Every structure is written in C-alpha cells, then in structure tokens.
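Student: what's the 3D shape of this:
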Amino acid sequence: MNMHASTPNAEKLSLPETSIATGTLHNRIQDELMALVILATEVQIALGPTISEAKALSPAVQRSLQAIDRLHQTLDDLQRIMGHMSKIENTQSIEIAPLSEAIKLRHLAHKLFDNVDAPFALTEDSSGDIAWF
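Tutor: Next up is the predicted model:
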C-alpha cells in the first residue's frame with residue numbers, strides 16, 4: 001500500500017495525539033504501578049538486613065516500615081484495578097493536555113502519553129527533588 005502525504009492516515013501519523021483511549025491509558029498506568037510495586041519490594045528487601053540487626057526499633061521507625069508495606073500492598077491492588085478497568089472502557093478517549101499538565105514527573109507523562117516503551121528511570125532534571133525518608 002502506497003501512502004502519500006495527502007492521505008488522512010499519513011496526516012494523522014504526523015500530528016501529535018490530543019487524546020488517548022482510556023483502555024490504553026489504563027494499561028500504561030497499570031504498567032507504571034507494577035514498576036512501583038517492584039520498587040517497593042526492593043526497598044523492603046534492602047531494609048531487611050538492617051532491621052534484622054537492629055536491637056530495638058522506635059515506634060516511629062516501626063510505623064514507617066509498616067507504611068512501606070502498606071504502600072506496596074496498595075500499589076499492587078491499584079495496578080490490578082487498572083488492569084480490570086482497561087478491559088471495560090476501550091471505546092472512550094480522554095484529553096491528554098490536562099492530564100499531562102497535572103503530572104509532576106515529566107518522564108511519567110512522556111511514558112503515558114507519547115506511546116513510549118521505556119524502562120523505569122528517574123533523573124534529577126525531569127523527576128523533581130529527591131524525597132529522602
């Protein structure tokens with residue numbers, strides 16, 4: 001099939017998308033949530049040896065550790081919900097601009113809306129300040 005620049009499909013390919021199918025967005029959010037579930041698991045694994053060697057943990061530290069576990073479980077549940085939702089509403093679309101403007105992490109907006117299959121990565125330039133806990 002020969003595609004000329006004047007065909008509707010060729011023009012559509014050259015213009016940036018202004019909306020995204022809700023099913024596609026749900027799938028991409030589910031992928032990001034899964035990456036965060038994996039990161040939360042890695043944090044728990046990394047803290048394990050330190051915790052096992054600690055003689056006593058303050059109540060504040062114990063609450064923080066419980067918060068990490070709750071974060072892990074919550075992200076895991078959310079990614080399952082997004083997977084379910086991606087199968088339900090594939091016929092509608094949503095405007096990209098307001099969603100993109102609401103997201104602080106520019107690499108995340110790029111991955112969600114620009115159809116990029118890039119590995120999860122944070123850089124100081126595009127991801128805001130590092131929040132140490």
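Student: can I assume Ala97 is in contact with Thr18?
Tutor: Yes. With contact taken as CB atoms under 8 Å, Ala97 and Thr18 are classed as touching, separated by 7.0 Å. All C-beta atoms are positioned from the backbone trio N, CA, C, and that covers glycine.
Student: Please enumerate the helices of this protein.
Tutor: Listed from the start of the chain, the chain has helices (DSSP state H) covering 8-14, 22-53, 59-86, 96-102, 106-113, 124-127.
Student: what sits against Asp69?
Tutor: Contacts for Asp69 (CB atoms under 8 Å, 6 or more residues apart in numbering) come out as Gln44.
Student: residues near Ser86, how many?
Tutor: 19 (other CB atoms under 10 Å).
Student: now Leu108
Tutor: Leu108 is surrounded by 18 other residues when neighbours are defined as other CB under 10 Å.
Student: residues near the residue nearest to Lys87 when sequence neighbours are not counted, how many?
Tutor: By the measure of CB to CB, 6 or more residues apart in numbering, the closest residue to Lys87 outside its immediate chain neighbours is Gly23, 7.2 Å from it. Burial measure for Gly23: 17 neighbouring residues, criterion other CB under 10 Å.
Student: Gly23 against His84, yeah?
Tutor: No. At 11.1 Å, Gly23 does not count as touching His84 under the criterion of CB under 8 Å.
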